[in-house]
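Student: quick one: sequence plus predicted model below, questions after.
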Amino acid sequence: MSLVIAWACSALLIAIPAVAVFYLVNLGSFASLTQSTVGFPIQWWTVSDGQWYALWGLTAAYLSIGLAGLFFLRRAFKNFSKGELFNASNSHDLRRFSVLLLAQALATPIHLSLMSLLLSWNHPPGQKMLSVAVGSNELKAVGVALVLWVLSDLLVEACRVHAENKQFV
């Protein structure tokens, strides 16, 4: 199962940037996707190409947090699949993943707020919008990230104690 997770992370690390580049080159497709998925009352005809590029950049920056987390998760699960279960490298990789998962969960409401502001930038005065939302998915992700962080800290400490004990034997 560890190898499957490592391969899935590798596939996502390739696919997500490829899709991002596709949407950068095909800005109209990115605009269509955004219009169909975003639930903001935006006057879509007022959104300029510059705003679409800025939104693409904002989204790419947001996704890069998750991609960095997947990179570290892939490394840990690749080692797990080789039978290297409890070592400092895996523990640190899991810690990095949990920190990046927490960062992305905390960045989600900020990303959505900046997205609403950016897309409504050309609205007439008084009609610009700033949408702030925190949902149960973000709270669950924060909870999972914090639990993983604590567990990875325990693993890091266990690896340190194990290495220290080896010196005495």
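Tutor: Nice, thanks for sending it over. What you are looking at is a predicted structure, and each value in this text was computed from that prediction instead of being measured.

Student: how near is the residue nearest to the spatial centre of the chain to Glu157?
Tutor: Closest to where the C-alpha atoms of the chain average out (CA atoms, centre = their mean) is Gly66, at 2.3 Å. Computed as CB to CB, to the nearest Å, the Gly66 to Glu157 distance reads 27 Å. (C-beta placed from N, C-alpha, C; glycine too.)

Student: what do you get for Val21?
Tutor: For Val21, the distance to Glu157 - CB to CB - is 41 Å.

Student: and the helix or strand Ser152 falls within, what does it pack onto?
Tutor: Per DSSP states H and E: Ser152 is located in helix 136-168. Counting contacts by 3 or more CB pairs under 8 Å, 6 or more residues apart in numbering; DSSP states H and E, helix 136-168 packs against helix 88-119.

Student: which elements pack onto the helix it packs on?
Tutor: helix 49-81, helix 136-168.

Student: list the buried residues of the last one.
Tutor: Neighbour-count burial for helix 136-168, counted by 16 or more other CB atoms under 10 Å, picks out Glu138, Ala141, Val142, Ala145, Leu148, Trp149, Ser152, Leu155, Val156, Cys159.

Student: now it, how far from the chain's geometric center?
Tutor: 20 Å (CA atoms, centre = their mean, to the nearest Å).

Student: what angle sits between the helix holding Ser152 and helix 88-119?
Tutor: Counting by axes from the mean of the first three to the mean of the last three CA atoms, to 10 degrees, helix 136-168 lies at 160 degrees to helix 88-119.

Student: helix 136-168 to helix 49-81, inter-axis angle?
Tutor: 40 degrees.

Student: quick one: least confident helix or strand in the chain?
Tutor: Least confident element among the helices and strands of the chain, by mean pLDDT, DSSP states H and E: helix 136-168 (a mean of 83).

Student: sorry, back to before: now render the helices and strands packed on helix 88-119 as TSV, adding distance to Gly126.
Tutor: As requested, these are exported to TSV (distance: least, CB to CB, whole Å):
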stretch	distance to Gly126
helix 49-81	19
helix 136-168	29
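
Student: of all the ones you listed, which one is nearest Leu102?
Tutor: Across the helices and strands packed on helix 88-119, Leu102 has its closest neighbour in helix 136-168 (3.6 Å, CB to CB).

Student: give me the below-cutoff pLDDT ranges for this protein.
Tutor: The chain contains residues with pLDDT under 70 at 169.

Student: which helix or strand contains Ser29?
Tutor: helix 27-37.

Student: pull out the buried positions in that helix.
Tutor: So for helix 27-37, counting by 16+ other CB under 10 Å, buried means Phe30, Ala31, Thr34.
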